[in-house]
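> Any chance you could fold what I've pasted below:
(2 chains)
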Number of protein chains: 2
Amino acid sequence: MPRDIFILTEAELRKTVGLDVQAVDVVEKAFAALGTGKVVMPPILSMAIPDAHGEVDVKTAYIPGFEGFAIKVSPGFFDNPKLGLPSLNGLMILFSARTGLVEALLLDNGYLTDIRTAAAGAVAARHLAPQKVETAGVFGTGVQARLQMEAAHLARPFRKALVWGRDRAKAQVCARDIAERLGIDVVAETDPEKVVAESQLVVTTTPAEEPIFKADWLHPGLHITAMGSDQEGKNEIDPAALAKADIFACDRVSQCEKLGELRSAIAAGLWNRQAPPELGEIVNGVKKGRESDDQVSICDLTGTGAQDTAIATYALEMARRVGTGSVIQS
Amino acid sequence: MPRDIFILTEAELRKTVGLDVQAVDVVEKAFAALGTGKVVMPPILSMAIPDAHGEVDVKTAYIPGFEGFAIKVSPGFFDNPKLGLPSLNGLMILFSARTGLVEALLLDNGYLTDIRTAAAGAVAARHLAPQKVETAGVFGTGVQARLQMEAAHLARPFRKALVWGRDRAKAQVCARDIAERLGIDVVAETDPEKVVAESQLVVTTTPAEEPIFKADWLHPGLHITAMGSDQEGKNEIDPAALAKADIFACDRVSQCEKLGELRSAIAAGLWNRQAPPELGEIVNGVKKGRESDDQVSICDLTGTGAQDTAIATYALEMARRVGTGSVIQS
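Model (predicted):
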């Protein structure tokens, strides 16, 4: 019996789903669900393809109350730029959570991952950044550097941003892009310490394998979202900073222990507190978030299948509403 | 930059890929590759959706020398028949092994899994069944009972088949279908012991959770392919039979230990030999297969991502050759 499957291309998805308050709300809902402990989220399936300097990750999660669940396949092939192709690609498949039938193919080439990753930064800022952020800083000069500043600005509409990257020219282009997008003053700084000293909110978005962020740069009233480390071997934040912070939270403890900043802190023997709170538990008020503007907070984001299920469900709903996409019978 | 993605529906795939010697050769090639130890095959990602009596499995493998790798998503939702829908569904996605880009979406609703699963039975029969099989038996009356007899017949063209199932009426329908398909004499037997006693090759295809096949039914010159157990909790063959057989082989030891007949034998303390040979090692001649017609052999099949990569690659190649399918730009 042939059934309809909805297909959305990257171009259609870009017209349909943007980084806005609605998208952040959807991702916040996913974290709230994760925080209840009722989400089913298996460990990430990960396969290396060393012959091509490639890897592929598969993430999924079932969120009770959501009509569907997404399976997201994210290939990263790091020789692609030599071929004129992007390193990151992939798609999401949305299945009915009632029948397991394929509902939609979201051929997003990683676009929805960009949005849900940035939206998680906004959720972290909503619940952990000080109420008033005058200046925000970002480490890194890629797509997420831009999107994370845009996301943070939705939660804390700062008036100035600082960009640091190893490549000064790229930092300047990135600063100009963010300034244009947000209509605020953005400066490319050469000294990462200065970025931190002047900011109340810093997002780290680099693939660093040695910490860039020093523990003694922490200052009262600072929030850091560390979203660059999502694999063994990556580490942006000095492991000593985690125990020094008043609040250290994870998107998912079981993932951060293996893939996030928490992994390096554990490996260095510098994590001796109990299991950190998860962002969803803070969203739900089950665990404490920021209690005063003077506290120092760090949020470790590795990216969860729950975010993928949430953004895919939302994308399909929006596409149906605006009448975009095509249908295939299978 | 929009790129072409090839889409094949179940109807198109059914017209393009059948259970024939070519398909068996392709799957044999996947086992040969597995047997070299050079295939990258991560553990199966598995997620339960208890609210809907459902589960979803994701399998994949990278086979050096293959241009692509498949990611297969197999949902099983066991309340579907009440809604008039099949329990098993899903799709395969074929990626370039050089760039990670999506090459093709194979919307097969599980059809290619049926074919590659049956083809693995044919590979087991090729390398483990006695040279001469007069009579073959099958336990179970579903799709795989039919396909496994068809596959075994490709490897060992037996003249008679016996079918046993708990439901006698279903066994009769199944026997009639196999007879029609293979043009041989097929009888529905009520006594499973008799099926085994009269057969030189038996395939077990049931979802049994308690063994049906008794260890003292083993007789010289018998080969058994056990393909029903692919999950914790399933068990078709009396655990004592495994150690009693002259040859016990696995499609993949690391999977059979968790999901196959080997799991039950280990749990019962009845497996005390060294790690069993893998089917691919026998295909390659690295490990011993059957050495005489009097031996008893058992092959434990749980289903591997390598088979999925092989059949998906083959399906795309065949579809291109015959000019079926459609293209979407993304």
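> which residues in the stretch 1-150 of chain A form helices?
A:10-16, A:21-36, A:111-128, A:143-155 (DSSP state H, counting those that start in this stretch).
> so which of those helices is the most packed in?
For those, average neighbour numbers computed from mean count of other C-beta atoms under 10 Å in any protein chain shown are highest in helix A:111-128, which has a mean of 26. C-betas here are computed from N, CA, C, even on glycine.
> Up against chain B, what does the stretch 101-250 of chain A have?
With C-beta under 8 Å from any C-beta of the partner chain as the criterion, the stretch 101-250 of chain A comes near chain B at residues A:L101, A:V102, A:L105, A:L107, A:N109.
> Now intersect the residues you listed with the strands, please.
A:V102, A:L105, A:L107 (DSSP state E).
> Just the buried ones from those residues?
With burial judged by 16 or more other C-beta atoms under 10 Å in any protein chain shown, the buried subset of those is A:V102, A:L105, A:L107.
> With mean pLDDT and distance to B:I184 as added columns, please give the helices of the stretch 1-150 of chain A in CSV.
Below are those laid out as CSV (pLDDT from 0 to 100; distance: least, C-beta to C-beta, whole Å):
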stretch, mean pLDDT, distance to B:I184
helix A:10-16, 97, 52
helix A:21-36, 98, 55
helix A:111-128, 98, 53
helix A:143-155, 98, 62
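> can you redo the ones you listed as TSV with distance to A:N235?
Conversion of the helices of the stretch 1-150 of chain A to TSV gives the following (distance: least, C-beta to C-beta, whole Å):
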stretch	distance to A:N235
helix A:10-16	31
helix A:21-36	24
helix A:111-128	18
helix A:143-155	17
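> Out of the buried ones among the ones in strands among the residues of the stretch 101-250 of chain A next to chain B, flag the one nearest to chain B.
Lowest distance from chain B to those (C-beta to the nearest C-beta) belongs to A:L107, with 3.8 Å.
> show me where chain A has strands.
Going by DSSP E, chain A shows strands at A:4-9, A:45-49, A:54-61, A:68-77, A:91-96, A:102-107, A:135-139, A:160-164, A:185-188, A:201-204, A:223-226, A:247-250, A:297-300, A:326-329.
> per-stretch mean pLDDT over these, give me the minimum one.
Within these, confidence is poorest for strand A:326-329, with a mean of 92 (mean pLDDT).
> Please spell out which residues along that strand are buried.
A:I328.
> which helices and strands sit right next to it?
The elements that strand A:326-329 packs onto, with contact taken as 3 or more C-beta pairs under 8 Å, 6 or more residues apart in numbering or on different chains; DSSP states H and E, are strand A:4-9, strand B:4-9.
> Which of those strands sits closest to A:G84?
strand B:4-9 (16.1 Å; C-beta to C-beta).
> Name the residues that touch that closest one?
A:2, A:107, A:328-330, B:16, B:102-108, B:315-316, B:319-320, B:324-330 (C-beta atoms under 8 Å, 6 or more residues apart in numbering or on different chains).
> Try it again at 6 Å.
With contacts defined as C-beta atoms under 6 Å, 6 or more residues apart in numbering or on different chains, strand B:4-9 is touched by A:S330, B:V102, B:A104, B:L105, B:L106, B:L107, B:A319, B:G325, B:S326, B:V327, B:I328, B:S330.
> Between all of those, which two are separated the most?
B:A319 and B:S330 (18.3 Å).
> What's the local residue count around A:E317?
A:E317: 14 surrounding residues under other C-beta atoms under 10 Å in any protein chain shown.
> How about the contacts made by it?
No contacts exist for A:E317 under C-beta under 6 Å, 6+ apart.
> Likewise for the one 10 residues further on?
Residues near A:V327 by C-beta under 6 Å, 6+ apart: A:D4, A:F6.
> next one: A:D230
Counting by C-beta under 6 Å, 6+ apart, A:D230 makes contact with A:L259, A:T302, A:G303.
> Compare these and tell me which is most surrounded.
For the contacts of A:D230, neighbours were counted using other C-beta under 10 Å, and A:T302 has the most, 26 neighbours in all.
> quick one on the thing from earlier: export the ones in strands among the residues of the stretch 101-250 of chain A next to chain B as TSV, with columns for distance to A:A125.
Converted to TSV, those look like this (distance: C-beta to C-beta, whole Å):
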residue	distance to A:A125
A:V102	35
A:L105	32
A:L107	30
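> Among those residues, pick out the one closest to B:D308, please.
Among those, and counting by C-beta to C-beta, the member closest to B:D308 is A:V102, at 16.3 Å.
> ok, what's across the strand from the closest one?
Judged by DSSP bridges, the bridge partners of A:V102 are A:F95.
> do you know how far it is from B:F78?
A:V102 sits 18 Å away from B:F78, going by C-beta to C-beta, to the nearest Å.
> Please apply the same query to A:P130.
Taking C-beta to C-beta as the measure, A:P130 falls 50 Å from B:F78.
> Show me which of these two is the more surrounded one.
Counting neighbours by other C-beta under 10 Å for A:P130 and for B:F78 shows that A:P130 has the greater number, 20 against 14.
> Got the confidence number for that one?
For A:P130, pLDDT reads 98.
> That one contacts A:P220, doesn't it?
No - using C-beta atoms under 6 Å, A:P130 makes no contact with A:P220, being 9.4 Å away.
> what's near enough to touch A:A136?
A:A152, A:F158, A:A161, A:S199, A:L201.
> What's the local residue count around A:A169?
Neighbours around A:A169, by other C-beta under 10 Å: 10.
> okay, now the domains of chain A?
A:4-113+A:306-329, A:126-303 (automatic domain parsing).
> any chance of the ones you listed in a markdown table, plus distance to B:A70?
Below are the domains of chain A laid out as a markdown table (distance: least, C-beta to C-beta, whole Å):
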| stretch | distance to B:A70 |
| --- | --- |
| domain A:4-113+A:306-329 | 11 |
| domain A:126-303 | 23 |
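> before we move on, back to that, select, out of the helices and strands packed on strand A:326-329, the one closest to A:E189.
Taking those one by one with C-beta to C-beta, strand A:4-9 is closest: 38.3 Å.
> Give me the distance between the closest one and the centre of its chain.
26 Å (C-alpha atoms, centre = their mean, to the nearest Å).
> how big is the angle separating that strand from strand B:4-9?
If you take axes from the mean of the first three to the mean of the last three C-alpha atoms, to 10 degrees, strand A:4-9 sits at 180 degrees to strand B:4-9.
> Strand A:4-9: which residues count as buried?
Buried, per 16+ other C-beta under 10 Å, within strand A:4-9: A:I5, A:F6, A:I7, A:L8, A:T9.
> Now do the contacts for the closest residue to the second one other than its chain neighbours.
Translated: A:F6. Take A:F6 and drop its neighbours on the chain: the residue closest to it by C-beta to C-beta, 6 or more residues apart in numbering or on different chains is A:A104, 4.0 Å away. Counting by C-beta under 6 Å, 6+ apart, A:A104 touches A:F6, A:L94, A:L316.
> Of all the strands of chain A, which one is nearest A:A32?
Nearest of these (C-beta to C-beta): strand A:54-61, 13.2 Å.
> Break down the stretch 201-330 of chain A into its helices, ranges please.
Going by DSSP H, counting those that start in this stretch, the stretch 201-330 of chain A shows helices at A:239-244, A:253-259, A:261-267, A:279-283, A:305-322.
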